[in-house]
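Peer 1: Pasting the sequence and the predicted coordinates here, then a few questions.
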Amino acid sequence: MDIWADSSSSKAHFWIRDDDAVETSTNLKRLSDVATRHETKIGLAVIPGEITTGLQEYLAESVHQFYPMCHGWKHINHNLGKKPAEFGPDRPIASMIEDAEVALRSFQQFFGSSQPIFVPPFNRITPALVSALPHVGFAGVSLMPSYFERKLLQLSSRMQWRGIVRMPEFKDGHRIDVHLDIIDWKARTAQSVEVVSDCLVQQLRGRRLGLLKSDAPIGILTHHLVHDEPVWHALESLLDFLRSHASVEFIDVGQWIDGYAADQRRVACKQAT
């Protein structure tokens, strides 16, 4: 963070996305306390086909802590025997679009005022559906970095191509990704400090060198339902560290997507005149 502060006059933007919400729980309330303590609004990926009215009512009272996002349809794995995915390449695109449409209708019944952002379960989605999501009615999508982006950032400390190579811009609606999963899923506990540090350094360096858009927010991924004490501690420590730097700003994901929608309307108006 010190290198970023010394080399950039702009803030480094961060945000948090938490997945798999369907009902209220002790862990969700604990996550709300984290959001309040660190003065940030968390993007909460809600499974629309499984959500309870209790969660809807709770989120209506927690507008300063959570911004609802549409987490697929029912979080079903359709890729049996392969890496799990609800919207993977083995399904017919027409079936996936139909599920996305049903998911959007259900999500809007609960959260009609929110700009709908699609979060694919298991963080996997076929590119064909990503391209179709704006036509379905989604304002954006939240994914994880591609294999190419991860490799590019891993090489960024040794490469000499700054300014020559850059990740292509996303064209199919707005994309707001997560980059750092604080859970080590093999060990079922917190990631090591070294893994967290390496990921943060790569993301910041990629933005500082121009490989990625400098204002693209760096996303922290959590799953409140499976947090053990080391994960809670890791999350609090990370947020304490980031909040201690004047060059860090946590975005309000709702305002972020609203700003994108307004920009799109201005572009459309200019093109029409």
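Peer 2: Received the coordinates, thanks.
Peer 1: only C-alpha atoms for contact and neighbour calcs from this point on.
Peer 2: Fine.
Peer 1: how about the helices of the stretch 101-250 of the chain, start to end?
Peer 2: Assigned by DSSP state H, counting those that start in this stretch, the helices in the stretch 101-250 of the chain fall at 127-136, 147-155, 193-208, 229-243.
Peer 1: Same list, those helices, but as JSON lines with distance to Gly88 and mean pLDDT please.
Peer 2: Shown next, in JSON lines, are these (distance: least, Cα to Cα, whole Å; pLDDT from 0 to 100):
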{"stretch": "helix 127-136", "distance to Gly88": "9", "mean pLDDT": "95"}
{"stretch": "helix 147-155", "distance to Gly88": "16", "mean pLDDT": "78"}
{"stretch": "helix 193-208", "distance to Gly88": "26", "mean pLDDT": "92"}
{"stretch": "helix 229-243", "distance to Gly88": "29", "mean pLDDT": "97"}
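Peer 1: Now render the ones you listed as CSV, adding mean neighbour count and distance to Ala216.
Peer 2: Below are the helices of the stretch 101-250 of the chain laid out as CSV (neighbours: other Cα atoms under 10 Å; distance: least, Cα to Cα, whole Å):
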stretch, mean neighbour count, distance to Ala216
helix 127-136, 16, 19
helix 147-155, 15, 14
helix 193-208, 17, 8
helix 229-243, 16, 16
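Peer 1: Which of these sits closest to Val63?
Peer 2: helix 229-243 (20.1 Å; Cα to Cα).
Peer 1: Around Val61, how many other residues sit close by?
Peer 2: For residue 61 the amino acid is Glu, not Val. 11 (other Cα atoms under 10 Å).
Peer 1: how about the longest strand anywhere in the chain: buried residues?
Peer 2: Under DSSP state E, the strand in the chain containing the largest number of residues is strand 12-21. Buried residues in strand 12-21, counted by 16 or more other Cα atoms under 10 Å: Ala12, His13, Phe14, Trp15, Ile16, Arg17, Asp18, Asp19, Asp20, Ala21.
Peer 1: between those residues, which is nearest Gly43?
Peer 2: Using Cα to Cα, Arg17 comes nearest to Gly43 of those, at 4.5 Å.
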